[in-house]
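J.: Turn this into a model:
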Amino acid sequence: MEYTGLVASIVMGLILGTMGGGGSILTVPILVYLFALSPTVATGYSLFVVGITALIGSILFIRRGDVDFLAAGSFALPSVIGVNISRGLVIPMIPSIVATVGTFTLTKEILVMVVFSTLMIAASYSMIRKKNERKPIQASAFVRVVLIGLQGLIVGSIAGFVGAGGGFLIIPSLVFMAGLSMRVSVGTSLVIIAFQSLLGFAGDVSRGLQADWPLIVKVTAFAVMGIIAGSAFAHKIKEEKLKFAFGWFVLIMGITILAEQIRHISS
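T.: Now for the predicted structure:
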C-alpha cells in the first residue's frame, strides 16, 4: 500500500497546485487508508505535508504575480489563531468515545472524519453554482478586510479540527468575500495554507506530537513533485472551468469519505 500512497501523494500535490485546495482533502485519507495511521495522528501529519507542499506552490504563483498579499495577510493571521485554538484546546477536550447509543459508538476519529466530509460537501455548493447565481459582496476595502479576517478565524478553527489546510473553504471565501479571480485565489490560498498549516504543525509538536519523520518527508517529497506540475497546469485553465472543477472535486471527495464513515459505523 505504500507505493499506492506515494502515487496518491503526487496526485494530491497536482490537485493542490491546480486548484489551490483539495490537498488536505486527499492527504488525511491517504495517511489513514494507505499508511494505516489513526485519523488523529493523520490530521497532525497532514498539516506538515500540506504546509510544505503549499509553500513550494505559493512561491511559483508569487513569481507569476498571482497572489494578493493583503487578502493573504488578512486571512492567514486570524486563521493561525483558529488552528491553534482547535489543536490546543478543542481536540484534547474531546473524549475517545464521544457517545454510545445501543450498539452504535461514535469515536473521536469517526467524528473528525464526518465533520471533515460534511464541510466539504457544504463548501462545494458555492463553487458549483452557475456564475450568475452568486456575485462577490459589494463593500469597502476596510469591511472586506474585517470580513476576510473573521472568515480566516472560522476556517482556521475548522482546519485545525480536521487537520486540513482548508483550501476547500478558503477558495470560496477569497472569490466571494475578497472578490479575487479564481487564479489569484488559488495562489493566495496556497500562501495562507502554507502559513497556517506549518504553524499549526509546530503547535502540535510543541504539545508533544511524536512525528514519524521518514514517512512525513517521503510523502511530502512526492507531493511537492505534484504541485510543481499542477501550478504550471493551473495557469492554462479557464477561470470558470477551474472553479467548477474544484467544486465537483470537493463534492465527490466529501461524499466518498462520508459514505466510508457510515460504512464503518454500520459495521
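
J.: which residues touch stretch 111-118?
T.: With contact meaning C-beta atoms under 8 Å, 6 or more residues apart in numbering, stretch 111-118 is reached by 28, 32, 39-40, 43, 94, 98, 161-164, 253-258, 260-261. C-beta here means a position set from N, CA and C on the backbone, and glycine is covered the same way.

J.: Please flag which of these sit within strands.
T.: Counting by DSSP state E, the contacts of stretch 111-118 place V98 in strands.

J.: To what extent is A71 buried, counted in neighbours?
T.: One way to gauge burial is a neighbour count; for A71, by other C-beta atoms under 10 Å, it gives 26.

J.: That one against L180, yeah?
T.: Yes: A71 is within contact range of L180, at 6.3 Å (criterion: C-beta atoms under 8 Å).

J.: gap between A54 and L77?
T.: Summarising the geometry, the distance separating A54 from L77, computed by C-beta to C-beta, to the nearest Å, is 16 Å.

J.: These two - which one has more neighbours?
T.: A54 (32 against 16).

J.: what residues do A71 and L180 have in common as contacts?
T.: In the contact map built from C-beta under 8 Å, 6+ apart, the residues linked to both A71 and L180 are 174, 188.

J.: where in this protein is pLDDT low?
T.: Applying pLDDT under 70 to the predicted model, the residue ranges of the chain that meet it are 19-25, 126-127, 129-141, 162-166, 234-235, 239-240, 242-243, 265-267.

J.: all strands of it, in order?
T.: The residue ranges that make up the strands of the chain, judged by DSSP E, are 97-101, 104-107.

J.: can you pull the contacts of I128?
T.: Applying C-beta under 8 Å, 6+ apart, one finds that I128 lies in contact with 244, 247-248, 251.

J.: Give me the subset of the residues you listed lying in helices.
T.: When helices are assigned by DSSP state H, the members of these inside them are 244, 247-248, 251.

J.: Buried subset of these as a ChimeraX selection?
T.: Selecting only the buried entries of the ones in helices among the contacts of I128 in ChimeraX, with 16 or more other C-beta atoms under 10 Å as the criterion:
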select :244,247,251
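
J.: Looking at the ones in helices among the contacts of I128, which one is closest to L150?
T.: Closest approach between the ones in helices among the contacts of I128 and L150, by C-beta to C-beta: G247, at 23.0 Å.

J.: Quickly note the distance from the closest one to Y45.
T.: The spacing between G247 and Y45, counted by C-beta to C-beta, is 27 Å.

J.: can you check T105 too?
T.: Distance of T105 to Y45, computed by C-beta to C-beta: 25 Å.

J.: Give me the more crowded residue out of the two.
T.: With neighbours defined as other C-beta under 10 Å, T105 and Y45 compare such that Y45 has more, 26 against 12.

J.: right, and that one touches S38 too?
T.: No: the pair formed by Y45 and S38 falls short of the contact definition of C-beta under 8 Å, at 10.4 Å.

J.: Contacts only, for the closest residue to V145 other than its chain neighbours.
T.: Spatially, and ignoring its direct neighbours in sequence, V145 is nearest to S74 (4.7 Å; C-beta to C-beta, 6 or more residues apart in numbering). Counting by C-beta under 8 Å, 6+ apart, S74 makes contact with 145, 148-149, 152.

J.: Which ones among those residues map onto helices?
T.: Among those, the members found in helices (DSSP H) are 145, 148-149, 152.

J.: Return the member of those residues nearest to K238.
T.: K238 lies nearest to I148 out of the ones in helices among the contacts of S74, by C-beta to C-beta, at 25.4 Å.

J.: wouldn't that closest one be in contact with D68 here?
T.: No: here I148 does not reach D68: they are 10.1 Å apart, not a contact under C-beta under 8 Å.
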